[in-house]
Every structure is written in C-alpha cells, then in structure tokens.
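>>> Sharing a model that was predicted from the sequence below.
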Amino acid sequence: MTEPVALTDPHLAGDAELAFEGALRPKNLGEFVGQAKVRGQLQLLLRAAELQQRSPDHILLAGPPGLGKTTLAMIVAHEGGRPLRMSSGPAIQHAGDLAAILSSLVPGEVLFIDEIHRMARSAEEMLYLAMEDFRIDIMVGKGAGATSVPLDLAPFTLVGATTRSGLLPNPLRDRFGFTAHLEFYDESELREVLARAARMLGLDIDAEAIAEIAGRCRGTPRIANRLLRRVRDYALVEAADGGSGRPDVGAVRAALELYDVDALGLDRLDRAVMETILTRFGGGPVGLSTLAVSVGEEAETIEAVVEPFLVRIGLITRTPRGRVATPAAWRHFGLDDANTTAGSDTPRLPIDDL
Ligand SMILES: Nc1ncnc2c1ncn2[C@@H]1O[C@H](COP(=O)(O)OP(=O)(O)OP(=O)(O)O)[C@@H](O)[C@H]1O
C-alpha cells in the first residue's frame, strides 16, 4: 500500500519538481511498475546475494532518461538494507575523485554512478581493479620516484547507469555481473504509474483522463508524472476561477496543448528534429551532427533522448547515411513528401494541428 502524499507537503515546496519526483519514487521492487523481466532478474540477483551473505554483483542499468535507473539503484540498496552512495560520471573527472569515494565506502555499500559513460578515462581504469578485486593502486609521488601503493577496499556493489551503453569500453562493461536494458513503458504500464501517482497525491482523476496522459508521455514514467502535475495545476486554477476543477479528459487535452505536448507525446525538441528532417532535408537522410546543429542541441541529447523514442514510434529510421523520416512521419505532420524538396520553398508544419 502506498503512503499518500499531502498536496501541502512541505517537501513539495522549494524545488517542487524534484521533490515531486522524489516523493513518487517507488521504494521497492513490488512498487516498481513494468520492466517485468528486469525486475525478475534483479530479484534473483539480490536474493542469491542475500542467501550467500555477500554483496550483490555489480549492475549496469542502460536506457533512455526517466525510465527508472536511479529508482532501481535506490531499490537495490533499500531491498538489501544497504547504505547508498550517489555520484555521477561528470563529477569524476580525475582518478583521485574516484579513489576518494572508493576508499571511504563501508562494507556492503551500494555505489551508484549515474551517466557512468562520462567518467574520466583514468578513473575508468581504476574502477576495473576496484570492481574485480576490491582493490585500487594509488600512485604516490611523481616522475621516476613515483610508486604505486595498493589499497584494499570494502566489498561494495557498483550500480552504473547510462543512456549510452555503446560508449562504455568493453573491459568496463564486462565487469558488470548483470546488465539491465530498460525499455520504454507501454500504455497500460504508464496508466499504472499514473494511477499510483494520482493516488499518492490524492488526485481524483478518471480512467479516461489517465489514458489520455498515458498516450502522450513518450513511454516514460518521469514524463507521465510531470504531465500529471501540469494537469493537476490546470484543474486547480480552473477551480479557483469558478470552473469544474475536475481533471477530466478535456482538462488533460487543454493542459497538454498549452504545454506543447502533441497527441503522440512529441514535445518541442522532438518536433524541431522532425521539422528539420522533413522540411529542411526533404525527409533525409540527415547525419546526426547536421541535425544537432540545425536544431541547436547537443548531438548526445538528440541521440540519447530524442531519437530512441522517434525510432520506437516509427517516425524515423536510422540508416548508415543518416536519419530518414518514415511515411508515418509525413502523415503525422500532415505533409506530402512528394511536394517537399530540400532547400526549396519550405512548407511549414501545421503546428496548430499537433
Ligand atoms: N517503474 C516505475 N514505476 C513508477 N514510477 C517510476 C518508475 N520508473 C520511474 N518512475 C518515476 O519516474 C521518475 C524518474 O525515474 P528515475 O529518476 O529513476 O529515472 P532515470 O532513468 O534514473 O533517469 P535519468 O537517466 O534522467 O537519471 C521517478 O521519480 C519515479 O517517480
């Protein structure tokens, strides 16, 4: 049974968006919706470690943002009653940063490194030995007089998260005992995520409205929860202005239209990418870096955040020569590919229609 979260919860003040996310985070595998296969695999791994009274094997969680990697890392620690240390690749820019973390771990601790593919190469190499032998070599001194001093570590479990597992060097990837690939959630799972969040918030929302949000949240629980929050805001303001204040399907559509979320759940960046491929490049193929420059976004964001979803819903395909729009994309944007040529009089997307 989930604990209700009061709408006036002081934790929802301040950085409300983050507090909201934290409050809704499932605390154990039983509360974690979807990803049945990964849940089963993790359950077995944790139980086996418990029976053998040892730390669970190192775990790599791979998949697009917002699918529950941080949540699962917290669950791994929580289920085994183990302390959790959280860090991230960008925060580990020198081997010394990692040595400081590793040498201060207590026995059995879970070390979560988010965006592990962004860790410095020197730290990565230190991690190989740490993961395998719970030991690191610390260099003391410089130049010809430098010596390496071995340092034993407390046994720990590394949980690494990455949106780009392809960027991890093989020696690092091979040292994880288990790699979980998180998939986008289907609509019934998202309905469950939303119903749970609405229950926790004490929000009275009907099944039709929940289904409408579930269809527009890019297969991603974080987005589902965020859209639910926007719908709740909309209903609150409507009630204050003398309206019904019911978060029904009409309120959902109005709120999401206001926030530029279209019927497929595409947001501004998704649409900017599609607009570029369809109208500026006649449907493609377009290379990733050209695409990134055209929409003014990092290539990594396009590749890790935007593309996986557009590929999954069949709006683009990846070819060796670049990204290509599918017939479904032309249809969704109400465009006719025969009339579109790169560099010519560019047809505008019927944005109002989205
Ligand atoms: N399976 C799930 N069931 C219910 N809620 C979930 C689930 N997965 C994620 N969430 C919700 O989505 C939010 C985002 O999840 P989380 O932070 O774990 O994603 P992430 O994959 O770590 O994202 P990032 O890669 O951006 O760090 C959480 O606060 C949680 O409330």
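On my side now, so go ahead.
>>> can you pull out the strands in the stretch 51-200 of the chain?
Using DSSP state E, counting those that start in this stretch, the strands of the stretch 51-200 of the chain run over 59-62, 84-88, 110-114, 135-140, 147-152, 157-162, 178-181.
>>> got those as JSON lines, with distance to the ligand columns?
Heads up, the C-betas are built off the backbone N, CA and C, glycines and all. Shown next, in JSON lines, are the strands of the stretch 51-200 of the chain (distance: least, CB to the nearest ligand atom, whole Å):
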{"stretch": "strand 59-62", "distance to the ligand": "7"}
{"stretch": "strand 84-88", "distance to the ligand": "9"}
{"stretch": "strand 110-114", "distance to the ligand": "6"}
{"stretch": "strand 135-140", "distance to the ligand": "26"}
{"stretch": "strand 147-152", "distance to the ligand": "30"}
{"stretch": "strand 157-162", "distance to the ligand": "6"}
{"stretch": "strand 178-181", "distance to the ligand": "11"}
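>>> Just say which of these is most tucked in.
With neighbours defined as mean count of other CB atoms under 10 Å, the strands of the stretch 51-200 of the chain peak in mean count at strand 157-162, which reaches a mean of 27.
>>> Can you spell out which helices and strands pack onto it?
strand 59-62, helix 69-79, strand 110-114, helix 121-133 (3 or more CB pairs under 8 Å, 6 or more residues apart in numbering; DSSP states H and E).
>>> Just put the strands of the stretch 51-200 of the chain in JSON lines and tack on mean pLDDT.
Shown next, in JSON lines, are the strands of the stretch 51-200 of the chain (pLDDT from 0 to 100):
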{"stretch": "strand 59-62", "mean pLDDT": "96"}
{"stretch": "strand 84-88", "mean pLDDT": "95"}
{"stretch": "strand 110-114", "mean pLDDT": "97"}
{"stretch": "strand 135-140", "mean pLDDT": "85"}
{"stretch": "strand 147-152", "mean pLDDT": "87"}
{"stretch": "strand 157-162", "mean pLDDT": "96"}
{"stretch": "strand 178-181", "mean pLDDT": "94"}
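>>> now these as CSV including distance to Thr220?
Shown next, in CSV, are the strands of the stretch 51-200 of the chain (distance: least, CB to CB, whole Å):
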stretch, distance to Thr220
strand 59-62, 15
strand 84-88, 20
strand 110-114, 16
strand 135-140, 37
strand 147-152, 41
strand 157-162, 15
strand 178-181, 15
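>>> Looking at the ones you listed, spot the one closest to Gln52.
strand 157-162 (13.2 Å; CB to CB).
>>> Could you spell out the sheet neighbours of that closest one, each with its direction?
strand 59-62 (parallel), strand 110-114 (parallel) (DSSP bridges).
>>> ok now the shortest one, how far from the chain's centre?
Right, strand 59-62. With CA atoms, centre = their mean, to the nearest Å as the basis, strand 59-62 stands 12 Å off its chain's centre.
>>> quick thing: my sequence starts at 13, can you match it?
Yes, from this point I'll number from 13; that puts the last item at strand 71-74.
>>> Give me the contact list for that strand.
54, 57, 81, 84-85, 88, 128, 169-175, 177, 180, 185, 188-194 (CB atoms under 8 Å, 6 or more residues apart in numbering).
>>> one more time with 6 Å
Lys81, Leu84, Val171, Gly172, Ala173, Thr174, Ser177, Phe188, Phe190, Thr191, Ala192, His193 (CB atoms under 6 Å, 6 or more residues apart in numbering).
>>> Name whatever forms a beta bridge with the fifth one.
In other words, Ala173. Bridge pairing for Ala173 (DSSP bridges) gives the partners Leu73.
>>> What's the local residue count around Leu58?
19 (other CB atoms under 10 Å).
>>> Now for it: which residues touch it?
Contacts of Leu58 (CB under 6 Å, 6+ apart): Pro68, Glu91.
>>> Model confidence score at it, please.
Note on Leu58: pLDDT of 94.
>>> hmm, back to that, and the contacts of strand 71-74, which is closest to Leu268?
Within the contacts of strand 71-74, the smallest distance to Leu268 is 25.6 Å, found for Lys81 (CB to CB).
>>> Next up, the contacts around the closest one.
Leu73, Ala173.
>>> Repeat the analysis, applying 10 Å as the threshold.
Neighbouring residues of Lys81 by CB atoms under 10 Å, 6 or more residues apart in numbering: 72-75, 124, 126-127, 171-175, 192, 194.
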